[in-house]
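[1] predicted model, plus sequence, below.
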Amino acid sequence: MKKNKLKQKRAVRIRAKIFGTASRPRLCIFRSLKDIYIQLVDDEKEKTIAALDSRKIKGGKNNIETAWKIGAEIAKIAKEKKIAKVVFDKHGYKYHGKVKALAEGAREGGLIF
């Protein structure tokens, strides 16, 4: 199977199990070749609570250091909105590299998942 098909299968399998609420929103990641995007989503109301990407971070490139900064920044935004716990949706990406750095940055920023 192609890598893209395997990623799509993982994403569908993960999304079937993960659901975000207002008290515990879903922390969703998307990686493109140029940027990293992250959102806090309330699936009950179908609304995005907060969103951030590497274009809004000073010196933002698509690397591990920027991913860590984005994770820490989204944790700060979540704390301002009084959100402490989230459900982590890695969107079918394997948990290493940029995805892992982003998660570690969010955990060090105070988010629990």
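    Perfect, thanks for sending it. Numbering: from 1, shown residues only.

[2] only C-alpha atoms for contact and neighbour calcs from this point on.
    OK.

[3] ok, longest helix in this protein?
    helix 64-80 (DSSP state H).

[4] so what does the helix or strand just after it touch, helix or strand wise?
    Later in the chain than helix 64-80, the nearest helix or strand by DSSP states H and E is strand 87-89. In this structure, strand 87-89 packs against strand 26-31, with contacts taken as 3 or more Cα pairs under 8 Å, 6 or more residues apart in numbering; DSSP states H and E.

[5] hang on, the earlier thing: between the longest helix of the chain and strand 26-31, how many degrees?
    Counting by axes from the mean of the first three to the mean of the last three Cα atoms, to 10 degrees, helix 64-80 lies at 160 degrees to strand 26-31.

[6] for the record, mean pLDDT for helix 64-80?
    Mean per-residue pLDDT for helix 64-80: 94.

[7] nearest spatial neighbour of A50, skipping sequence neighbours?
    Of all residues not flanking A50 in the chain, L40 sits nearest, at 5.1 Å (Cα to Cα, 6 or more residues apart in numbering).

[8] each with direction, which strands does the helix or strand where that neighbour lies pair with?
    Secondary-structure assignment from DSSP H and E places L40 in strand 36-42. Within its sheet, and counting by DSSP bridges, strand 36-42 is paired with strand 26-31 (antiparallel), strand 47-53 (antiparallel).
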